[in-house]
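Chemist: Sequence first, then the predicted structure, then my questions.
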Amino acid sequence: METTDTAPQSQSVQQSLPQVVEPRNPGMDLDMDWVMSLQANTSAIERRAATLPARRSVKKTHQAAWLLRAITCIDLTTLSGDDTERRVERLCAKAMHPVSDSLLSALGVDDIKTGAVCVYHEMIPAALRALEGSRIPVAAVSTGFPAGLSPLHLRIAEIEESVAAGAAEIDIVISRRHVLTGNWQALYDEMRAFRAACGSAHIKAILATGELGSLRNVARASMVCMMAGADFIKTSTGKESVNATLPVTLVMIRAIRDYYERSGYRVGYKPAGGISKAKDAITYLALIKEELGTAWLAPNLFRFGASSLLNDIERQLEHHVTGQYSAGYRHATS
Ligand SMILES: O=C[C@H](O)COP(=O)(O)O
């Protein structure tokens, strides 16, 4: 068994984050030779992924620091048809105070907040009002989320409206059919247009990997989106039948590493959908550290897209401090 015995940083979480301001990935011309050269050895990747949760255990003393770091990397999300302003306000309150004051002081931490709050366009004003003064960015899903099958001009207009409404981050969905038909030029052009519409807002490209057919397609789609200027690549909408997985993560973060080695630009990674356990969050963080290095263990380069992960992290932190578990409903986010 391998032990991840170095905590990501000390327990003064927000203050200790690497404060390097990354230059934005400007993208590059579509390099078809590079795209077509990307392969994925599915059985090797699945074998490696299967060993990850068992191989890695974080020493008890470092667990709290890893979990606090995970909190700072959460895009705390609500994306439901029955979302209301009230629900979004409660979510934002949780984003600003993700852990109770008593737990924070027991852990020796002054302040902590989530990486962002992620909502549908209509909820942007409510989120901005509730987060005022907190410096937590609002992320909006866009481009006909989750299917992305509305007319292109409407998808572009949706981005522009969300940016005008104050969203600092835009989570777009790609057209899966461009990947499934191998039309990489169309995917590149679409992503370029989305990036232009975002202006200064950062763009996360949701690949919907559960619908892309193969890990090779995931590798190629990741690379094309980065070439077109994605600031982050993100696995899933949370609405596909298969969302974030470790094999997909391996493929995507290796594409990020290749892109960095060739271009010099660090692109962020956001696994999303179905990540609800603290131990899974630690597995993801440890894998990121191993494959990409500590520069990526910060909210400017790594996010979890998650609606309920914070509840379990808070429970585990409480256990760390008191030695006891409380009922999950006590930590509900919305
Ligand atoms: O992007 C975030 C996802 O929609 C959240 O998915 P989840 O509800 O399974 O955590």
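Modeler: Right, received. Where do you want to start?
Chemist: can I assume Tyr269 sits in a strand?
Modeler: Yes - Tyr269 sits within a strand when classified using DSSP: H, G, I helix; E, B strand; the rest coil.
Chemist: If it is in a bridge, with which residues?
Modeler: Bridge pairing for Tyr269 (DSSP bridges) gives the partners Ile233, Phe302.
Chemist: Give me the buried positions along the lengthiest helix in the chain.
Modeler: Scanning the chain for the helix with the most residues, using DSSP state H, yields helix 246-263. By 16 or more other CB atoms under 10 Å, the buried positions in helix 246-263 come out as 246-260. C-beta: built from backbone N, CA, C; applies to glycine.
Chemist: For that helix, which outside residues touch it?
Modeler: 25, 28, 34, 38, 40, 42, 45-46, 48-50, 52-53, 207, 209, 215, 218-219, 222-223, 226-227, 233, 235, 265-267, 269, 271, 283-284, 287-288, 291-292 (CB atoms under 8 Å, 6 or more residues apart in numbering).
Chemist: Now go through these and say which are in strands.
Modeler: Ile233, Tyr269 (DSSP state E).
Chemist: just the buried members of the contacts of helix 246-263?
Modeler: Here, 16+ other CB under 10 Å leaves 25, 34, 38, 40, 45, 49, 52, 207, 209, 215, 218-219, 222-223, 226-227, 233, 235, 265-267, 269, 271, 283-284, 287-288, 292 buried among these.
Chemist: on that earlier part again, what about the contacts of helix 246-263, which are in helices?
Modeler: Per DSSP H, these map to helices at 34, 42, 45-46, 48-50, 52-53, 215, 218-219, 222-223, 226-227, 283-284, 287-288, 291-292.
Chemist: Quick one: name the residues of this protein near the ligand.
Modeler: Thr77, Leu79, Cys118, Thr237, Gly238, Ala272, Gly273, Gly274, Gly305, Ala306, Ser307, Ser308 (CB under 6 Å from any ligand atom).
Chemist: Go again with 8 Å.
Modeler: Near the ligand, the residues belonging to the chain are 75, 77, 79, 118, 141, 171, 206, 234, 236-239, 243, 270, 272-276, 305-309 when assessed by CB under 8 Å from any ligand atom.
Chemist: For those, I'd like a selection string for PyMOL - just the buried members, please.
Modeler: Per 16+ other CB under 10 Å, the buried members of those correspond to this PyMOL selection:
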select buried, resi 75+77+79+118+141+171+206+234+236+237+238+243+270+272+273+274+275+276+305+306+307+308+309
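Chemist: didn't Met96 look like it was pressed against Ser134?
Modeler: Yes - if you go by CB atoms under 8 Å, Met96 and Ser134 touch, sitting 4.9 Å apart.
Chemist: who's more crowded, the two?
Modeler: Met96 (19 against 15; other CB atoms under 10 Å).
Chemist: Please name the residues that touch the more buried one.
Modeler: Contacts of Met96 by CB under 8 Å, 6+ apart are Lys113, Leu131, Ser134, Ile136.
Chemist: for Val99, same thing?
Modeler: Val99 neighbours (CB under 8 Å, 6+ apart): Leu68, Ile71, Leu107, Val109, Ile112, Glu314, Leu317.
Chemist: returning to that earlier point: so which of the contacts of Met96 would you say is closest to the ligand?
Modeler: Ile136 (15.9 Å; CB to the nearest ligand atom).
Chemist: where does the closest one fall, helix, sheet strand or coil?
Modeler: Assignment for Ile136 (three-state DSSP): coil.
Chemist: likewise Val141?
Modeler: Assignment for Val141 (three-state DSSP): strand.
Chemist: distance of it from Ile275?
Modeler: Distance from Val141 to Ile275, counting by CB to CB, to the nearest Å: 17 Å.
Chemist: Done for today, thanks.
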